[in-house]
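In: what's the 3D shape of this:
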Amino acid sequence: MELQLTNKRVFISGSTSGIGFAIAQGFLQEGAKVIINGRSEDTVQEAIEKLKALEPNASVSGIAADFRDAMAIHEIHKNIHQVDILINNVGIFSSKLFEETTDTEWQEMFQVNVMSAVQLSRYFLPKMLDQNWGRILFISSECAQLVPEDLIAYSTTKAALLSLSRGLAQTTKGTQVTINALLPGSTLTEGAIAFLKDQAIQEDRSEEAVAEDFFKNTRTSSLLQRFAQPKEIADMALFLASPLSAATNGAAIKVDGGSVPGIL
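Out: Numbering: from 1, shown residues only. Reported below is the predicted structural model:
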């Protein structure tokens, strides 16, 4: 399917690995001009080299900005005037029980997961409205609805993105700008791969057995019963960012393998 993304200008926060990297690669395959982002110049340049190796004719550049710092947004202001598509993807988490999660950890997760999206959207949305075309996509998580007991802080930030997305979408009424949220399920990112390897070593079992048990004992509600590939999440993100998705606005789209029960 031709997604009509050729020459669209795209910024993706937190895109040197995982889902963000897969989204960047997908846009490049569609002929878009992509700006990736990571915490350090080294990780950004490494990701750019990987993307250029995968997509030799790609138009890709990058900006190092660590969104743990509230002033990181100024790096974006200095280097980017306008984009057609904003993907608010950057996120961090801490697997701890509620009583063990400190105020500092709560504040850091809110700064990265929520406030980066607030700041980036506040900067780019008026420009999209002025040109009467644009897409903003918030990468939330199945945890916004499942809320594991060891991820309450993370889940709270991801739920906040759903309210932010819906509220901002309501400001685009009558325009060709759309704003939506995507809720991925358990995905085989570098972090998940490392988790499976560590558990396999600790338990003296295969990674495949650990992954199978994760869905059998932990993510029991999953209908997919496996980790999604980052590309499977990216494919939905690309559609929602494309002109073909014009009738979808203010929505929260689940790509969770059916892990969140219910019909809505």
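In: only C-alpha atoms from now on, for both contacts and neighbour counts.
Out: OK.
In: assign Asp66 to helix, strand or coil.
Out: Put simply, Asp66 is coil when judged by DSSP: H, G, I helix; E, B strand; the rest coil.
In: with adjacent residues omitted, what lies nearest to it?
Out: Arg39 (4.3 Å; CA to CA, 6 or more residues apart in numbering).
In: can you give me the strands in this structure?
Out: Taking DSSP state E, the strands of the chain run over residues 9-12, 33-38, 59-64, 85-88, 134-139, 177-184, 252-255.
In: same list, the ones you listed, but as TSV with distance to Lys158, mean neighbour count and mean pLDDT please.
Out: As requested, the strands of the chain are arranged in TSV below (distance: least, CA to CA, whole Å; neighbours: other CA atoms under 10 Å; pLDDT from 0 to 100):
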stretch	distance to Lys158	mean neighbour count	mean pLDDT
strand 9-12	17	24	98
strand 33-38	20	24	98
strand 59-64	23	20	98
strand 85-88	11	26	98
strand 134-139	8	27	98
strand 177-184	9	26	98
strand 252-255	12	20	98
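In: could you dump these to CSV with distance to Asn79?
Out: Shown next, in CSV, are the strands of the chain (distance: least, CA to CA, whole Å):
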stretch, distance to Asn79
strand 9-12, 11
strand 33-38, 10
strand 59-64, 8
strand 85-88, 15
strand 134-139, 19
strand 177-184, 23
strand 252-255, 30
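In: domain map for this structure?
Out: Taking automatic domain parsing as the domain assignment, the ranges for the chain are 9-187+231-254, 188-227.
In: and these, which is most packed in?
Out: domain 9-187+231-254 (a mean of 20; mean count of other CA atoms under 10 Å).
In: which residues are contacting stretch 168-181?
Out: Residues outside stretch 168-181 that contact it (CA atoms under 8 Å, 6 or more residues apart in numbering): 128-129, 132-140, 161-162, 165-166, 240, 246, 248-253.
In: make it 7 Å
Out: 128-129, 132-140, 162, 165, 249-253 (CA atoms under 7 Å, 6 or more residues apart in numbering).
In: just stretch 231-245 next, same as before
Out: Contacts of stretch 231-245 (CA under 7 Å, 6+ apart): 3-5, 19, 22-23, 26-27, 85, 135, 184, 255.
In: make a markdown table out of the residues you listed and add distance to Lys78.
Out: Output for the contacts of stretch 231-245, formatted as a markdown table (distance: CA to CA, whole Å):
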| residue | distance to Lys78 |
| --- | --- |
| Leu3 | 30 |
| Gln4 | 29 |
| Leu5 | 25 |
| Ile19 | 26 |
| Ala22 | 26 |
| Ile23 | 24 |
| Gly26 | 26 |
| Phe27 | 23 |
| Ile85 | 18 |
| Arg135 | 21 |
| Pro184 | 31 |
| Val255 | 34 |
